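Chemist: Turn this into a structure:
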Amino acid sequence: MGKRLVSIYLILNLLFLVCVARLSYIATDNTFKVADTQSSVRLDIATSRGTVYDCNMQPLTNDTVQYVAAVPPSSRALKEIEGYTLNEAQQSRLNSGYPIILKVDENFKSDYIKVFKIKKTSQEIAPHIIGYTDSENNGVTGIQQSYNDVLKGGRLSVRFKCDAKGNILAGEQPIIDNQDYLNAGSVVLTIDKTIQSITLTAAKKYLKKGAVVVLENSTAKIRGMVSVPDFNIANIDKAIKSTDAPMTNRATSQFNCGSVFKLCVAAAALEHSVSPEYSCKGNVKIGENVFNCLNLSGHGNMDMNLALGLSCNTYFINLGKTLGAKGVYDMAKAFGFGKSAQLCPNIVTASGNLPLLSTITVNPAALANFSFGQGELMVTPLQIASMIQTICNDGKLIKPTLIETESISPPTYVLNTTTAKTLKEYMINAVEKGTGSAAKPNTGGAGGKTATAQTGQFDKGREIVHAWFGGFFPADNPKYTVVVLAEDGITGSKSAAPVFKYIADNIK
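Modeler: Just a heads-up that it's a prediction; the model follows:
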């Protein structure tokens, strides 16, 4: 009996100690400090993100304001919003005794309702660059991800006091909580909002799928970068499900290149003082492979200027053979082909693909393909733009930049001034008298190069080709380089050149 009493005593003491420990935990743990939250109802108004600006400090995000009211479920408040239409969910909340958020006019005034001015983005003109955020207000892609720590703000909310039964107290002003809401930072891009808007309009006017890049020649700053189709950051699910890959930034993705690469081959030849004449007969046989020219009946006698303007494949096949694989390959490497570029933290372009030097050295057919931009060669629109910017900048390559506050990288001397000047003259001739005539702007002139790249991919028996135009304007002292990619296009002159012309005609 004594042992049983001792056991009961010990058990009771143990239960007592557990109760004391539990009460102590309740008293100290924050999860049980609910008196304040039980006596109020919180209504979240908005979350904030810092502003992304263009190079002229024009907002690319947060460019407009919206007025929202925190409406309590009181008869006086309901009378104040009689002129506004409520949806079913809002009406249900009010009927259940809960406050709602309601968009109101700027001039809405009320003694019983708090109104807040919040920032919104009215037009998404650069979603691939700026990116989007998740439900937790964290950046997922683009600048929003790269500079999340800078751009992330806080939450704006209000709390309505309640009585013991949970009913909101009439006449009590809500408590505003805007901790960190106003503390978000900002990022300044090299993008020019006006140029970006013009570029986007041109791309959507002429391209179903593709990309456009606009570089400022003196700095290599990216003033415009567009990829189509684009996407709505408010409907990411739709974009993810689309078969057209609208969330892919085609401006920094790799594609088959074609004849725009002839600029690189021409540059290599001029640097080595190789500029032969050649008679084009419409095709050339290399081993067991027959390579056709753009003009199947042949161009006849060609020099480099004429061959570039008329995009003569056989001339450049012969030029690559005369120069040698290493000369072409080294120039391609110097221009940055086959290498990715980091535009800012977490935004890195595709590297593209260069054939192995050993392959084009021992395989004449591989060298022939490489010499007019076909075969294993893959490039990004930004890489092509960088090459042309270098030509316009007297042979000095500057790393393209996307952040305005970032220092311009020291130039790399890729070409001598004479070579760069000669290539500009050849490119002007291609627009004035050659395949790029559809790109000629109404005033100021331009230089450029077309391309129609075979992909080796087929759709219902039709080979998919990518159409390109890369050029500069104005012709004298060119200020901008513009590269256009028309994915699954027709030809460079039909699908891409008109985009260039539209941009050159509208950028002042």
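
Chemist: quick one: pLDDT of the nearest residue in space to residue 65 that is not next to it in sequence?
Modeler: Nearest non-adjacent residue to residue 65, counting by CB to CB, 6 or more residues apart in numbering: residue 117, 5.4 Å away. Backbone N, C-alpha and C define where each C-beta goes, glycine included. Predicted confidence (pLDDT) for residue 117: 93.

Chemist: As a check, name the ranges of all helices in the stretch 101-250 of the chain.
Modeler: Listed from the start of the chain, the stretch 101-250 of the chain has helices (DSSP state H, counting those that start in this stretch) covering 127-130, 142-146, 148-151, 193-206, 236-241.

Chemist: right, so of the ones you listed, which gets closest to residue 440?
Modeler: helix 193-206 (15.2 Å; CB to CB).

Chemist: What ranges in the protein fall below the confidence cut-off?
Modeler: 1-38 (pLDDT under 70).

Chemist: Where do the domain boundaries of it fall?
Modeler: Using automatic domain parsing, the domains assigned to the chain come out as 35-73+91-188, 193-506.

Chemist: number of nearby residues for residue 461?
Modeler: 5 (other CB atoms under 10 Å).

Chemist: one step back: surely the residue nearest to residue 65 and residue 64 touch.
Modeler: No: here residue 117 lies out of contact with residue 64, judged by CB atoms under 8 Å, at a distance of 10.8 Å.

Chemist: secondary structure class for residue 83?
Modeler: Using DSSP: H, G, I helix; E, B strand; the rest coil, the three-state assignment for residue 83 comes out as coil.

Chemist: quick revisit: reformat the helices of the stretch 101-250 of the chain as JSON lines; add mean neighbour count and distance to residue 337.
Modeler: JSON lines is the format used below for the helices of the stretch 101-250 of the chain (neighbours: other CB atoms under 10 Å; distance: least, CB to CB, whole Å):
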{"stretch": "helix 127-130", "mean neighbour count": "24", "distance to residue 337": "22"}
{"stretch": "helix 142-146", "mean neighbour count": "23", "distance to residue 337": "25"}
{"stretch": "helix 148-151", "mean neighbour count": "17", "distance to residue 337": "32"}
{"stretch": "helix 193-206", "mean neighbour count": "20", "distance to residue 337": "24"}
{"stretch": "helix 236-241", "mean neighbour count": "12", "distance to residue 337": "30"}
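
Chemist: how about those, which one is nearest residue 345?
Modeler: Ranking the helices of the stretch 101-250 of the chain by their distance to residue 345 (criterion: CB to CB) puts helix 142-146 first, at 4.5 Å.

Chemist: now that closest one, how far from the centre of its chain.
Modeler: Relative to its chain's centre, helix 142-146 lies at 10 Å (CA atoms, centre = their mean, to the nearest Å).

Chemist: quick one: contacts of it?
Modeler: Residues from elsewhere that reach helix 142-146 (CB atoms under 8 Å, 6 or more residues apart in numbering): 49, 52, 127-133, 139, 151, 187, 189, 344-347.

Chemist: which of these count as buried?
Modeler: 49, 52, 127-133, 139, 151, 187, 189, 344, 347 (16 or more other CB atoms under 10 Å).

Chemist: With distance to residue 79 as added columns, please give the domains of the chain in JSON lines.
Modeler: Compiled in JSON lines, those are given as follows (distance: least, CB to CB, whole Å):
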{"stretch": "domain 35-73+91-188", "distance to residue 79": "9"}
{"stretch": "domain 193-506", "distance to residue 79": "33"}
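
Chemist: Need the winner for burial among those domains.
Modeler: Each of the domains of the chain was assessed for mean neighbour count using mean count of other CB atoms under 10 Å. The highest is domain 193-506, with a mean of 20.

Chemist: so where do the strands sit in the stretch 201-350 of the chain?
Modeler: Listed from the start of the chain, the stretch 201-350 of the chain has strands (DSSP state E, counting those that start in this stretch) covering 210-216, 222-228, 255-256, 278-280, 283-286, 289-292, 300-302, 342-344, 347-348.

Chemist: ok so, going back, can you tell which of the helices of the stretch 101-250 of the chain is closest to residue 303?
Modeler: Each of the helices of the stretch 101-250 of the chain was checked against residue 303 via CB to CB, and the shortest separation belongs to helix 193-206, namely 32.7 Å.

Chemist: for the closest one, packing partners?
Modeler: Secondary structure elements in contact with helix 193-206, counted by 3 or more CB pairs under 8 Å, 6 or more residues apart in numbering; DSSP states H and E, are strand 210-216, strand 222-228, helix 497-506.

Chemist: Can you tell me what sits against the first one?
Modeler: Just to be clear, that refers to strand 210-216. When contacts are defined by CB under 8 Å, 6+ apart, strand 210-216 is touched by residues 190, 195, 199, 202-203, 221-228, 249-251, 253, 381-382, 384-386, 388-389, 400, 479-487, 489, 496, 499, 503, 507.
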